[in-house]
Structure formats: C-alpha cells, structure tokens
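Enquirer: below is the sequence, then the predicted model.
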Amino acid sequence: QVQLQESGPGLVKPSQTLSLTCTVSGGSITNTNYGWNWIRQPPGKGLEWIGAIGYSAQLIFNPTLESRTSISRDTSKNQFTLQLSSVAPEDTAVYYCARFNGGGFDNWGQGTQVTVSS
C-alpha cells in the first residue's frame, strides 16, 4: 500500500521560502497512472490545491500561487518537494501531499503544520 509522508520545518519567517518534502513508499512516483500533488488547508478554511508533478515531471500549478511555487522531484529517493517563496502569515496552513489517480485523490499524507511568523 502506498504511503506518503510530509517533512519540513514547522515554522518559517515572513518573506522566506517554505520547503517541504513528501516521501512516497510502496509505489513509484514515476508510475504513469498517477500525479503527485501538494494541497493545503489554512485554519478555518477549506482545502486549497497548490500544484502537482506528473510521472514524467510535467508540472501544473494553481494560478493564484504559481508565481511563488516550485515543485521538483528526486526519483532516486522517491520524493517530491514543494517550495513556496516570499511567504506571509496567510500561508500558515496544514500542508498535505497527495496522490491523484485520474479520478480523485486516493492517498494522502498525514499533513504537516506550517506556521509563518517572525
């Protein structure tokens, strides 16, 4: 069974870059059936999709965040990484990585809290 696990700092200062890694076990991120996504949920709000990297490293982003977002992968470690630049307190959220199977998100990490504060 595929498992996803987010990791990274829980506290980031304003204007800095948030960097999170998702480690995938039980399945390859190069599997052609899936896309690998970052999603967040600010406190008291709904889920917000950030972006995704596909099996051949194709990228797609939420237009509202695209100018500040970078997603990359390390196939040797079966990991993919999110970088969000110039963060502000509004970027405080629980960040999730999730697998998309073409019909929906079928596997999620447990989520990691990231707080933007000085």
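Expert: On my side now, so go ahead.
Enquirer: and the residue nearest the centre of the chain, what helix or strand is that in?
Expert: Centroid-nearest residue in the chain: Trp38, 2.7 Å away (criterion: C-alpha atoms, centre = their mean). Using DSSP states H and E, Trp38 sits within strand 35-41.
Enquirer: list the buried ones in that strand?
Expert: Under the neighbour-count criterion of 16 or more other C-beta atoms under 10 Å, strand 35-41 has Gly35, Trp36, Asn37, Trp38, Ile39, Arg40 buried. (Each C-beta comes from the backbone N, C-alpha and C, glycine too.)
Enquirer: do the same with stretch 63-78
Expert: Leu65, Arg68, Thr69, Ile71, Arg73, Asn78.
Enquirer: starting at the chain centroid, how far to that stretch?
Expert: Relative to the chain's own centre, stretch 63-78 is displaced by 8 Å; criterion: C-alpha atoms, centre = their mean, to the nearest Å.
Enquirer: same deal with stretch 8-26?
Expert: 8 Å.
Enquirer: how far does that stretch stretch from start to finish?
Expert: Terminal residues of stretch 8-26 lie 21 Å apart, using C-alpha to C-alpha, to the nearest Å.
Enquirer: quick one: mean pLDDT for the strand holding Trp38?
Expert: Averaged across strand 35-41, pLDDT comes to 98.
Enquirer: would you agree the residue nearest to the centre of the chain is in contact with Cys97?
Expert: Yes. Applying C-beta atoms under 8 Å, one finds Trp38 in contact with Cys97, separated by 5.9 Å.
Enquirer: quick check: neighbours shared by the two?
Expert: Leu20, Cys22, Leu82 (C-beta atoms under 8 Å, 6 or more residues apart in numbering).
Enquirer: ok, the residues you listed vs Gln1, which is closest?
Expert: Gln1 has its nearest neighbour among the shared contacts of Trp38 and Cys97 in Cys22, at 15.9 Å by C-beta to C-beta.
Enquirer: helix or strand: which one has the nearest residue to the closest one once chain neighbours are set aside?
Expert: Among residues not flanking Cys22 along the chain, Cys97 sits closest, at 3.3 Å (C-beta to C-beta, 6 or more residues apart in numbering). Using DSSP H and E, Cys97 falls within strand 93-100.
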